[in-house]
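Enquirer: What follows is a protein structure lacking sequence information:
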């Protein structure tokens, strides 16, 4: 016998969990289907050897993240949120430059004095732009180089963009960079330092609370249960086949990446629409999590502006969250965005670690092998949607030609970039639309 629900949600990331919470609180029957063994998506966690919990991929919130903070308040978890003024820096020309404040910027002698001023004024120029649509047909270089100057672009921005977007770097829309700069410019304290937020105990505290609320209100969460395919009657989904059963619903919401959604609708006859799901490109991420006996530096976020290094950022988490929460060890993330077609994507963990460690040692010569307590490597195949020029013209809409299917995933967080804050916003929006559609069917 098929189980029937009001709404079936594919994916237990923050978008799916937020939508499910709103739907069950509105009295609807909901089933979440998640292939992973835990919820949270890219915000999910793992246990270190002594069972201390930490995120697989580095995470924080900005002090301007209103949607996630509203949810945290609703869940009565606000007392666990801490704020920290963080140190940021740039590795360039074989040295680390501190870039946490306007004074640091004035000391950044990799640029001429005039270029330092131009870089400092960039945030004010960014704030003048009110309509992101005027930037959509421009690449980052088209827009940013005239604004900040050729030397600033060459030293500060170009290496980061190339490291972040690999072979897509020249095609990335200026909108992506504009929104990054716009959001970051609004997260600073009066003295110029960036203030970030974190949750004591890690993001899984939030994820577990969300899942508990869903289940206590009658929702079903099926973990380690991959969605296989949708079955159709005309232009509507008739059922969903999973690893363990076939289930049905009035409405279906897919929150996974477009390539996964495309496999689910394989038997749907509208090939033009299915082709549109394949138009959005993605990059994967390889994240090496190091647990060290000693700190590398006092910098939280260190951008690496050297193409020879196999990572774009060195994020020392314990310069943000106190090391006492990790048995006085030091947690460092080495992040690399990469095409899943790149030969390094399939590199075994030991070889990947050895290569990363060798390069990290070049940056921090004091680093020694006996500093390593443990390490873990995580890979996310669909980590970063590639926001190319004129992105909004080809981005598949949330409302689909399939009468009872909606999409809402990180690629839809636009013009903002992906993150848990906007995942909450989009989860609430898609739940509201689902409720309206169900009410029209009654």
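Expert: Everything's here; your move. In this text, all values refer to a predicted model and were calculated from it rather than measured experimentally.
Enquirer: Could you find the closest non-adjacent residue to residue 221?
Expert: residue 32 (4.7 Å; Cβ to Cβ, 6 or more residues apart in numbering). In short, each C-beta sits where N, CA and C put it, glycine included.
Enquirer: can you check residue 96 too?
Expert: Closest to residue 96 by Cβ to Cβ, 6+ apart is residue 89, at 5.2 Å.
Enquirer: got a list of what the one you found touches?
Expert: 96-100, 297, 299, 301-303 (Cβ atoms under 8 Å, 6 or more residues apart in numbering).
Enquirer: Rank the residues you listed by pLDDT and give me only the lowest.
Expert: Across the contacts of residue 89, the smallest pLDDT goes to residue 100, namely 83.
Enquirer: if I look at that one, how far off is residue 182?
Expert: Note on residue 100: its distance to residue 182, by Cβ to Cβ, to the nearest Å, is 19 Å.
Enquirer: if you count what's nearby, which of these two comes out ahead?
Expert: residue 100 (20 against 16; other Cβ atoms under 10 Å).
Enquirer: Would you check that the more buried one makes contact with residue 87?
Expert: Yes. Residue 100 is in contact with residue 87 according to Cβ atoms under 8 Å; the separation is 4.9 Å.
Enquirer: How about the contacts made by the closest residue to residue 376 other than its chain neighbours?
Expert: Leaving out its chain neighbours, the residue that sits closest to residue 376 by Cβ to Cβ, 6+ apart is residue 289, at 4.8 Å. Taking Cβ under 8 Å, 6+ apart as the criterion, residue 289 is in contact with 54, 56, 331-333, 375-378.
Enquirer: ok so residue 289 is a strand residue?
Expert: Yes. Assigned with DSSP: H, G, I helix; E, B strand; the rest coil, residue 289 falls within a strand.
Enquirer: so the residue nearest to residue 96, which of the three states?
Expert: Under three-state DSSP, the three-state class of residue 89 is strand.
Enquirer: What of residue 100?
Expert: Three-state call for residue 100 (three-state DSSP): coil.
Enquirer: just residue 215 next, same as before
Expert: Under three-state DSSP, the three-state class of residue 215 is helix.
Enquirer: ok, it to residue 161 distance?
Expert: As judged by Cβ to Cβ, residue 215 and residue 161 stand 43 Å apart.
Enquirer: now do the same end-to-end measure for stretch 367-375.
Expert: Stretch 367-375 has an end-to-end distance of 15 Å (Cα to Cα, to the nearest Å).
Enquirer: no no, stretch 29-46
Expert: 30 Å.
Enquirer: So for that stretch, what gets flagged as buried?
Expert: 29-35, 38-45 (16 or more other Cβ atoms under 10 Å).
Enquirer: can you check stretch 284-296 too?
Expert: In stretch 284-296, the ones that count as buried by 16+ other Cβ under 10 Å are 284-292, 295-296.
Enquirer: likewise stretch 238-248?
Expert: Neighbour counts over stretch 238-248 (16+ other Cβ under 10 Å) mark 239-240, 242, 247-248 as buried.
Enquirer: And stretch 98-115, by the same measure?
Expert: Of all the residues in stretch 98-115, those buried under the rule 16+ other Cβ under 10 Å are 98-101, 104-105, 108, 110-111, 115.
Enquirer: Can you tell me which helices and strands the longest strand anywhere in the chain packs against?
Expert: Ordering each strand of the chain by length in residues (DSSP state E) puts strand 372-385 first. If you count contacts as 3 or more Cβ pairs under 8 Å, 6 or more residues apart in numbering; DSSP states H and E, strand 372-385 packs onto strand 282-292, helix 349-363.
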